[in-house]
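1. Here is the input, now give the coordinates:
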Amino acid sequence: MVDTQWVPTAVYECPADWLRTAPEGSEAPTSRAHRRGPQGDCAGERPLLHARHFDRKIDAQRWLDEVTTSVVTGQYVDPRSAKKPFKEYAEEWRASQPHRPSTAKAVAQHLRCYAYPVWEKRALGAIKPGDVQSWITSLTTTHKLAASTSRTVFNTVNAVFRAAVRDRMIPHNPCTDAKLPSVPRKKVVPLAVEQVRTLAEEIPGRYRGLVLLGACTGLRPGELFGLQLRHVDLLHATVSVEQQVQQTAKHGVYVCPPKTARSHRTVPLPRMAVDAMKAHLRDFPADGPEGWLFTAPQGGPVVYTHFMDGSWRPACAKAGIAKGTGPHALRHHYASLLIKHGESVKIVSERLGHTNAAMTLNIYTHLWPDSEERTRAAVDKAYADYSADDETLATETAEAAAPADQSQHAADSVRTVKAARPAPLQIPRSGA
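-> I've put the predicted structure just below:
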């Protein structure tokens, strides 16, 4: 049911008798149309919330009809809401989001460094699609951000404007249909088995099991750091991913759920991983079921930056692994092993905890073997089997139909027909 207090009312600044007698579409001295609010009008009864001036009555009525429709459908946006400064609304939005500490830190940095300098005091409704497009271009030309980083910053600003549309602050999102810089696709080059073995030998002993477990299960670094003894079942050779450890801004850590809902999973442990875990627990026993499987030298869960600076990077340098290679390379190594041994996209996606199989294909599609030769062989084999079956059937039919003394002659006839068949056409391959 529509509140009648919010029904638009047209008021025209011209003589009343003109309104009664002027023909539809004729020119009026000045026409003003407005929508009244629920608490009083211009004389103190109900305040004027939305008013516009028109030169023609028909234009004023058309506008009123549009406003009425938006009110009835619940899509009306008060123009005064769009006057709120971008920074003021963005800070309100940021404070209400259930972001993890790492995400909250990144969002605050995106807004503070790239959005507020441009739109801090700008009204939400005054930011147009062209302004957004110019800003996107400046991220790569002025700020020299990589294409992937520019997209991440844009996603933050886009989320602010989407929330503004949802809150009826603005009618449309100026980020819609914005052109983003293309991100060059980089092919993942997984670590070889020998590189993983060398890395496990060069890294400090307390993290040798972490390297081998990561290479054998494909767990993310945070998932490895978040493992407790209760998550590892050596009897049934499985490891359960139920949580992860992330780093805070001040080099602290916090425990949180895995990255996505699909990241909750149970991964089978190969024999090598079981042996590595037994050796690790013998040298670095966990403090009960709730004890951390891998700990920092001073105790407690592993802090990512301390692990990278003190253990991972020096070990990579000694192992001859390229600079910039992170623990995520162990995850790529695991995926490459599954693909090499014929596992399906579905299985690889489930083991890695990807949101869907499309994500797995986007990252690892180049690792799946080329199927050109297999498709050729499949067709050739099918037709080769068909030809052999035809020849066998023809021989049996001829022998059955001919008298006993003519069976040899029938068989010879079949062999003659076979010999008379033209040889298959050999098409030379290009470059041969």
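
2. C-alpha from now on. contacts and neighbour counts both.
-> OK.

3. mind checking pLDDT for the most centrally placed residue in the chain?
-> With distances taken as C-alpha atoms, centre = their mean, Met359 lies nearest the centre of the chain, 7.3 Å away. Here the pLDDT value assigned to Met359 is 90.

4. give the contact list for it.
-> Under the criterion of C-alpha atoms under 8 Å, 6 or more residues apart in numbering, the neighbours of Met359 are Ser349.

5. just to confirm, which helix or strand has it in it?
-> Taking DSSP states H and E as the criterion, Met359 maps to helix 357-364.

6. before we move on, what about Asp55?
-> With DSSP H and E as the test, Asp55 turns up in strand 48-56.

7. Now that strand: average pLDDT?
-> For strand 48-56, the per-residue pLDDT averages 67.

8. do the same with stretch 272-286
-> Rounded mean pLDDT across stretch 272-286 is 96.

9. Next, the buried residues of it.
-> Ala273, Val274, Ala276, Met277, His280, Phe284, Ala286 (16 or more other C-alpha atoms under 10 Å).

10. Which members of those occur in helices, if any?
-> Ala273, Val274, Ala276, Met277, His280 (DSSP state H).

11. Among the residues you listed, find me the one that's closest to Leu227.
-> Met277 (12.0 Å; C-alpha to C-alpha).

12. For the closest one, which non-adjacent residue is closest in space?
-> Gly209 (6.1 Å; C-alpha to C-alpha, 6 or more residues apart in numbering).

13. what do you get for Thr156?
-> For Thr156, the closest residue by C-alpha to C-alpha, 6+ apart turns out to be Val107, at 6.4 Å.

14. okay, now that neighbour: neighbour count?
-> The number of residues packed around Val107, counting by other C-alpha atoms under 10 Å, is 18.

15. Which strand or helix spans it?
-> Going by DSSP H and E, Val107 is in helix 101-110.

16. can you give me the mean pLDDT across that helix?
-> Helix 101-110 shows a mean pLDDT of 91.

17. Can you name the element that comes right after that helix?
-> Downstream of helix 101-110 (by DSSP H and E), the next one is helix 116-119.

18. In CSV, list the C-alpha atoms belonging to that next one.
-> Output of helix 116-119 as CSV, limited to C-alpha atoms (Å, rounded to 0.1, in the frame of the first residue of the first chain):
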residue,chain,number,x,y,z
TYR,A,116,40.4,10.4,-1.5
PRO,A,117,43.0,12.7,-3.2
VAL,A,118,40.6,12.9,-6.2
TRP,A,119,37.1,12.7,-4.7
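
19. Please name every helix or strand in contact with it.
-> helix 86-96 (3 or more C-alpha pairs under 8 Å, 6 or more residues apart in numbering; DSSP states H and E).

20. okay, the helix it packs on in PDB with CA atoms only?
-> Extracted in PDB, the C-alpha atoms of helix 86-96 (Å, rounded to 0.1, in the frame of the first residue of the first chain):
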ATOM      1  CA  PHE A  86      32.400  10.700  -1.200                       C
ATOM      2  CA  LYS A  87      34.900  10.300   1.700                       C
ATOM      3  CA  GLU A  88      32.200  10.700   4.300                       C
ATOM      4  CA  TYR A  89      30.100   7.900   2.800                       C
ATOM      5  CA  ALA A  90      33.100   5.700   2.000                       C
ATOM      6  CA  GLU A  91      34.200   5.900   5.600                       C
ATOM      7  CA  GLU A  92      30.800   4.900   6.800                       C
ATOM      8  CA  TRP A  93      30.700   2.000   4.400                       C
ATOM      9  CA  ARG A  94      34.200   0.900   5.400                       C
ATOM     10  CA  ALA A  95      33.300   0.900   9.100                       C
ATOM     11  CA  SER A  96      30.300  -1.300   8.500                       C
END
